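Q: here's my sequence, what's the structure:
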Amino acid sequence: MGFLNKLFGGKDESGAAQSVSEVVLVSPMTGDVVALTEVPDPVFSQKMMGDGVAVNPTEGKVVAPADAKVLNVFPTKHAIGLEVAGGLEILIHVGLDTVNMKGEGFDVQVAEGDQVKKGDVLLTYSLELVREKAASIITPMIISNGDMVERMDKHENVPATAGETPVLTVKLK
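A: As a prediction, the model looks like this:
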């Protein structure tokens, strides 16, 4: 039995269906973790797209917050959707109003359908260019299918290292 089948809720050696009850997500970026309510965009701060945390990055690199499947890479390269254990869907949105940059300064390292490991680089970008051309460099990471979430413990107002520092512990229904 493959590790990924186990990870994504396949059957274990005994044939019993596995279920994942808790998912720990690490920071997708190095920087300071802040509350979603501090994001200067009501779509995120009012949790219209889902709940989560945001990172004020100190470098232009985004890594996988957990072992995951890449669901989508936005054509403008500024956002990536992932599916992690238990079917939890994550959206990482680099900066605010970065869609207007039309991919300038972004270099995506993955494609839709790819399997990635926690800490794998998803994309790199010019932090300076985003700071210059977008509304903000702050990067929300949200759970887009919150109906699956029973409880979310956030680790905010802490410095984080990409791929290492836990920022969200999600208990699934």
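Q: from here on, contacts and neighbour counts on C-alpha atoms
A: OK.
Q: which helix is the longest one in the chain?
A: helix 127-133 (DSSP state H).
Q: and that one, how far out from the chain middle?
A: Offset of helix 127-133 from its chain centre (CA atoms, centre = their mean, to the nearest Å): 20 Å.
Q: kindly report the same for stretch 44-54.
A: 12 Å.
Q: and residue 128, how far is that from residue 110?
A: 22 Å (CA to CA, to the nearest Å).
Q: what of residue 86?
A: Counting by CA to CA, the gap from residue 86 to residue 110 is 21 Å.
Q: one more: residue 33?
A: From residue 33 to residue 110 the distance is 24 Å (CA to CA).
Q: of these two, who's got more company?
A: Between residue 33 and residue 110, counting by other CA atoms under 10 Å, residue 33 is the more crowded of the two (26 against 17).
Q: now the helix or strand containing that one: mean pLDDT?
A: In the assignment (DSSP states H and E), residue 33 maps to strand 31-35. Average pLDDT, strand 31-35: 97.
Q: CA atoms of it as PDB?
A: What follows is strand 31-35, C-alpha atoms only, in PDB (Å, rounded to 0.1, in the frame of the first residue of the first chain):
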ATOM      1  CA  GLY A  31       7.700  35.800   7.800                       C
ATOM      2  CA  ASP A  32       5.300  36.900  10.500                       C
ATOM      3  CA  VAL A  33       2.000  35.000  10.900                       C
ATOM      4  CA  VAL A  34      -0.900  37.400  11.400                       C
ATOM      5  CA  ALA A  35      -4.700  37.100  11.900                       C
END
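Q: quick check: next helix or strand after that strand?
A: Toward the C-terminus from strand 31-35 - assigned by DSSP H and E - lies helix 42-45.
Q: and that following helix, which residues are buried?
A: For helix 42-45, the neighbour count (16 or more other CA atoms under 10 Å) marks 44-45 as buried.
Q: which residues does it contact?
A: Identification of contacts with helix 42-45 by CA atoms under 8 Å, 6 or more residues apart in numbering yields 36-39, 48-50, 140.
Q: distance to residue 19 added to those residues, as JSON lines?
A: Output for the contacts of helix 42-45, formatted as JSON lines (distance: CA to CA, whole Å):
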{"residue": "36", "distance to residue 19": "29"}
{"residue": "37", "distance to residue 19": "31"}
{"residue": "38", "distance to residue 19": "34"}
{"residue": "39", "distance to residue 19": "33"}
{"residue": "48", "distance to residue 19": "28"}
{"residue": "49", "distance to residue 19": "26"}
{"residue": "50", "distance to residue 19": "23"}
{"residue": "140", "distance to residue 19": "27"}
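Q: between those residues, which is nearest residue 76?
A: Using CA to CA, the shortest approach to residue 76 within those belongs to residue 140, at 16.4 Å.
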